[in-house]
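Q: dropping the sequence and predicted coords here.
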Amino acid sequence: MPSGILNVDKPLGKTSHDIVAIVRELTGIRRVGHAGTLDPLATGVLLVCVGRSATRIAEFLMGEPKMYRADAKLGITTDTYDAEGEVVTESPVDVSRSDIEEALEQFRGAIEQIPPMYSAIKHKGKPLYRLARRGVEVERPARQVEITSLRLVGWNPPECTLEMTCSAGTYVRVLVHDLGQALGCGAYVTGLTRLASGKFRLEDAVTWDRFTQMAKMGRWPELLSPIDEALSDQFPALILNADAAWRLCSGQAIETDGEEPEDETLARMYGPAGRFLALASYDGDEGVWRPRKVFVSPYPRPRSDDEQV
């Protein structure tokens with residue numbers, strides 16, 4: 001069955017789970033997942049992993065940096081920190097562009113965020129949003145995230161637009177809420193677009209209408225990116241001979257020529273014909289590569305010279 005990564009421009013109003021369910025229905029593929037949730041309010045890059053091999057690399061795609069464009073309105077806070085919530089406070093906005101630029105400085109680099117109550121994070125086995133809907137608020141430990149770039153790209157009082165690049169796990173809603181608190185007037189997200197997730201960018205994403213049209217024609221596999229291509233920016237590639245390829249795909253550790261990498265380094269492993277075989281991690285103590293995730297069945301074992309007929 002086809003397997004790969006679908007870079008889709010998620011439409012407004014649908015949850016990530018909605019997209020996965022529809023992709024599963026239209027393709028007939030049971031193993032479908034996504035690599036990074038987007039709220040219903042958000043649009044943009046959603047990576048959908050289609051097929052067993054693709055779902056097995058979702059963990060690596062989730063950890064990649066993200067890029068967002070966020071529209072925010074100053075002077076109002078909501079309980080969800082976005083436009084879907086109930087208004088909590090309203091305040092006059094006496095803020096200039098330079099005030100925002102100055103306030104943004106404290107949110108660049110390594111910062112701590114307290115996850116919002118309206119989130120899927122679990123507390124004693126229950127998602128926080130379920131507790132929030134019942135009016136229950138619990139203490140949430142702060143999490144460290146990395147904001148590598150943060151720019152004010154639009155200012156039409158009392159609304160502004162921010163663009164940012166951040167680590168996985170960053171809550172843009174929280175950043176906007178905290179910015180509003182720093183400015184003394186409050187703020188909430190009115191619109192959010194994911195511009196990139198790792199190497200996948202919005203300009204290369206497939207629109208939802210195009211995907212559904214291609215799926216109805218049975219041509220949806222044409223829209224998939226190969227799983228090794230999806231990992232190409234993260235892990236180096238190694239080409240194996242036939243014997244090493246067979247042993248690795250059989251679950252055995254192998255040695256390779258060349259400079260020794262750092263311990264636990266991951267690499268993409270290819271067979272002599274260029275077929276992507278596996279992800280392997282380097283064991284510095286033993287000086288060998290050990291299979292981490294194998295994507296193909298073992299090759300027919302190569303015969304040695306004295307076994308040739």
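A: That came through fine.
Q: pLDDT (mean, whole number) over stretch 61-78?
A: Mean pLDDT, stretch 61-78: 96.
Q: end-to-end on that stretch?
A: Counting by C-alpha to C-alpha, to the nearest Å, you get 31 Å between the two ends of stretch 61-78.
Q: how about it: buried residues?
A: Judged by neighbour count (16 or more other C-beta atoms under 10 Å), stretch 61-78 contains these buried residues: 61-62, 64, 66-78. Just so you know, the C-beta spots here come from the backbone N, C-alpha and C atoms, and that holds for glycine as well.
Q: restricted to strands, list those.
A: Judged by DSSP state E, the buried residues of stretch 61-78 include 66, 67, 68, 69, 70, 71, 72, 73, 74, 76, 77, 78 as members of strands.
Q: do you know how far the second one is from residue 192?
A: With distances defined as C-beta to C-beta, to the nearest Å, the gap from residue 67 to residue 192 amounts to 12 Å.
Q: any idea which element residue 234 lies in?
A: Per DSSP states H and E, residue 234 falls between elements, in no helix or strand.
Q: count of neighbours near the closest residue to it other than its chain neighbours?
A: Residue nearest to residue 234 in three dimensions, not counting chain neighbours: residue 60, with 6.2 Å by C-beta to C-beta, 6 or more residues apart in numbering. The local packing count at residue 60 equals 18, with neighbours defined by other C-beta atoms under 10 Å.
Q: hang on, the earlier thing: closest one of the ones in strands among the buried residues of stretch 61-78 to residue 289?
A: Using C-beta to C-beta, residue 66 is the member of these that sits closest to residue 289, with 30.2 Å.
Q: that closest one and residue 23, how far apart?
A: 21 Å.
Q: who touches the residue nearest to residue 224 when sequence neighbours are not counted in this structure?
A: Using C-beta to C-beta, 6+ apart and skipping the chain neighbours, the partner closest in space to residue 224 is residue 4 (2.9 Å). By C-beta atoms under 8 Å, 6 or more residues apart in numbering, the contact list for residue 4 reads 50, 51, 54, 221, 224, 225, 226, 227, 230.
Q: show me where the chain has helices.
A: Counting by DSSP state H, one finds helices in the chain at the ranges 16-27, 52-55, 58-62, 97-104, 128-133, 172-183, 208-216, 227-230, 242-249.
Q: which one of those lies closest to residue 35?
A: helix 58-62 (3.7 Å).
Q: if we look at the closest one, which residues are touching it?
A: Contacts with helix 58-62, where a contact means C-beta under 8 Å, 6+ apart, come from 5, 33-36, 47, 49, 168, 197-198, 230-231, 234.
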